[in-house]
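> Using only what follows, build the 3D model:
(chains A, B, C and D)
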There are 2 protein chains.
Amino acid sequence: MANKKNTTIKDIANVLGITPSAVSKALSDHPRISVKTKEAVRETAKKMDYRPNRLAVSLRKGKSNLVGVIVPRAKSNFFSSIVENIEKSLNQEGYNVIITQSNESYKKECSNIDALLQIQVDGIIASISNDTTDLNHYKKIEQNGIPLIMFDRGMKELEVDSVGINDYLSSHLVIEHLTKQSCKRIAHIGGYSHIRIYKNRLKGYKNALKKYNLPILEELILEGDLTKQDGRKKMTQLLKLTKRPDAVYASGDYAALGALQVLLENNIRVPEDIALVGFSNEPFTSLVTPSITTVNQHSEKIGQIAAELFLKKNLKSDLEKAPEYVVLEPELIIRESSKRQ
Amino acid sequence: MANKKNTTIKDIANVLGITPSAVSKALSDHPRISVKTKEAVRETAKKMDYRPNRLAVSLRKGKSNLVGVIVPRAKSNFFSSIVENIEKSLNQEGYNVIITQSNESYKKECSNIDALLQIQVDGIIASISNDTTDLNHYKKIEQNGIPLIMFDRGMKELEVDSVGINDYLSSHLVIEHLTKQSCKRIAHIGGYSHIRIYKNRLKGYKNALKKYNLPILEELILEGDLTKQDGRKKMTQLLKLTKRPDAVYASGDYAALGALQVLLENNIRVPEDIALVGFSNEPFTSLVTPSITTVNQHSEKIGQIAAELFLKKNLKSDLEKAPEYVVLEPELIIRESSKRQ
DNA sequence: TTATATTGGTTAAACGATTGAACAGATGAG
DNA sequence: CTCATCTGTTCAATCGTTTAACCAATATAA
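Numbers count the residues shown, from 1 in each chain, chains lettered A, B, ... in the order given. Model prediction:
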């Protein structure tokens, strides 16, 4: 029945009365093959709907034309947008992309890497999970001789190419804006500080406070996994303080959303009583009431640049070279949750 | 340099002084290999960190252990949740999943299929794009002798396994609920009716109206691509009617969101003046104010079942068999946008 | 004792494409 | 007329595994 076997190079050779190797060379435009033969080959190849067997080519050439991507969560708009752009860029260059999610779990991240190496991808583009502190599994990638590119959450320790935004500057933008709204007690719901981006946002937050002559109050600085649930918890905690904050800057939109819910449930006016800022520009931030001020991270560009970094590294297969760090400028999107007129 | 070549079956053979084929058989637990040899092989395999070359295995066996998935949009929570579950189920069985998006475009869908066939996936699990009317590109899949499974948006014409919810019943649930809220003029913002699910929802809507003795008014039935933009447009259109509807049932949450925005902008009370119901239970429906009543489609289950259908089909490689249609029961989630007390 | 199983492998071909080396025929130089 | 060169192709090995067919040695049966 159907199961029409695919035509191979051999079939073409038989039809034309030449050898498979001549066909192969004709198709790859080898100089030693006559123009006449080349044309004949190309023509019958098209006629017979020939498509090279990717598996055979990969086996022979030692590369699979597959690139693995590891994201913490695929659902997040930020990551899915990055993935989309990685894919677009790499498809153009003849690569296919395999997407895996770590679900913010160290264990899953390890097994993702194993799976990708086992599939023999030509490279891995990854963003580290919240749960990850040990980095040995990432070193396996380079031991396999393929490039690793990190995005958003990169780690300097790994010494690999990476792309992300200027987190330090982001915090400055946020604090600057909040002080203009005359906020004086700005709390920070941060991510785990072993992750570079969250550390940098925290550092930026502290430095900016200093710059605007505001005190750094440890009771206003919290650390968690930035889920909506975490946001609720941290906000509840902040409301218990005798001296409540008049603004909250969360390092993630989901945490900001959780915080917002708690604020509304407690009939606290946003932004009049407490102003709120999130991070990542997830679509829902513009949909909720009040809409949430947030930081745009240019996810499209991040994806594209990550792909380009891979292509560059892969082309030169020059893993030795010093790593390249691309840093994009953040953009503050001011919405209702922080705009006190 | 790193680039440590991977150990092959041959290396193991050399170490043990036997042939590669003996090693291969030992690893696959062939009965003709002695227990002693098997143990020795397994041990040195582990010691040398042997991992079979998937490319070679695939080439030899004629199957890649890769499954392609085509979704209209990866960002949608509904689809991403399905994908997540397909992946989970298939990974367990040793398959890897390649995800592609059609972005609701016929052309992209075609090129996705081509790409997947070219990668030599062992099967394709797909949901048809809004833009697609011609189905010939899907037939190519079966011509290649691999199974095709459809989810959510399946097409009877294709005669392949599929899984989705009972769309007809969904509309009944919605209309029943709205009539209980004493709505009498219920509008329907539908998807393109060449897509089966939207046709069925429309049919269910009409039948349910009849059941509750409500007239079917063509001016209240609209068709579009169900984006937020489309929802805005359709709602604006409905508001221009001399006799406005007192309820709107949209076949998609994004369209419902667009409609809600227009309603709020026009100071129309929801649900008191016009009640609103969406479809898919996207997370934002519970986040906006008022929260949107919607239909839950059990995306987790859909993914899992799609994977199972593939595995079954693939095992028997029995493409001839009559297709299997799995239909899940929908669940109406009632929220503020339609609850008049 | 001879024929027959059984055990535990080995050999070799195959999957489909690539590629350096070899080779045959035509052409040109000396 | 011979040797070298060029052209267009074939040969054969290779990538790493799998597997049907084969073989030698030992065990079993008649």
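> what ranges do the strands span in chain A?
For chain A, the strands defined by DSSP state E occupy A:66-71, A:96-101, A:123-126, A:148-151, A:161-165, A:186-190, A:221-223, A:247-250, A:275-277, A:294-296, A:325-328, A:331-333.
> most neighbours per residue, which of those?
Across these, the average number of neighbours (mean count of other C-beta atoms under 10 Å in any protein chain shown) peaks for strand A:247-250, which reaches a mean of 31. For the C-beta atoms, the positions are set from N, CA and C on the backbone; glycine is no exception.
> quick one: the longest helix along chain A to chain centroid distance?
Longest helix of chain A, by residue count under DSSP state H: helix A:299-316. Helix A:299-316 sits 11 Å away from the centroid of its parent chain (C-alpha atoms, centre = their mean, to the nearest Å).
> now do stretch A:187-205
Distance, stretch centre to chain centre, for stretch A:187-205: 18 Å (C-alpha atoms, centre = their mean).
> buried residues in that stretch?
A:187-192, A:195-202, A:204-205 (16 or more other C-beta atoms under 10 Å in any protein chain shown).
> Repeat that for stretch A:17-34.
Result for stretch A:17-34 [16+ other C-beta under 10 Å]: buried residues A:18, A:22-27, A:33.
> pLDDT score for residue A:320?
pLDDT, residue A:320: 65.
> sorry, back to before: let's have the strands of chain A in CSV, adding mean pLDDT and distance to residue B:45.
Output for the strands of chain A, formatted as CSV (pLDDT from 0 to 100; distance: least, C-beta to C-beta, whole Å):
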stretch, mean pLDDT, distance to residue B:45
strand A:66-71, 95, 24
strand A:96-101, 90, 25
strand A:123-126, 96, 25
strand A:148-151, 96, 26
strand A:161-165, 95, 34
strand A:186-190, 98, 46
strand A:221-223, 98, 44
strand A:247-250, 98, 49
strand A:275-277, 98, 54
strand A:294-296, 98, 50
strand A:325-328, 94, 40
strand A:331-333, 98, 53
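> Adding distance to DNA strand D, write these out as a markdown table.
Output for the strands of chain A, formatted as a markdown table (distance: least, C-beta to the nearest atom of the strand, whole Å):
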| stretch | distance to DNA strand D |
| --- | --- |
| strand A:66-71 | 16 |
| strand A:96-101 | 20 |
| strand A:123-126 | 18 |
| strand A:148-151 | 22 |
| strand A:161-165 | 27 |
| strand A:186-190 | 46 |
| strand A:221-223 | 45 |
| strand A:247-250 | 49 |
| strand A:275-277 | 53 |
| strand A:294-296 | 46 |
| strand A:325-328 | 34 |
| strand A:331-333 | 48 |
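> Next, format the ones you listed as a markdown table and append distance to residue B:287.
Converted to a markdown table, the strands of chain A look like this (distance: least, C-beta to C-beta, whole Å):
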| stretch | distance to residue B:287 |
| --- | --- |
| strand A:66-71 | 22 |
| strand A:96-101 | 22 |
| strand A:123-126 | 29 |
| strand A:148-151 | 27 |
| strand A:161-165 | 25 |
| strand A:186-190 | 18 |
| strand A:221-223 | 23 |
| strand A:247-250 | 16 |
| strand A:275-277 | 14 |
| strand A:294-296 | 14 |
| strand A:325-328 | 28 |
| strand A:331-333 | 18 |
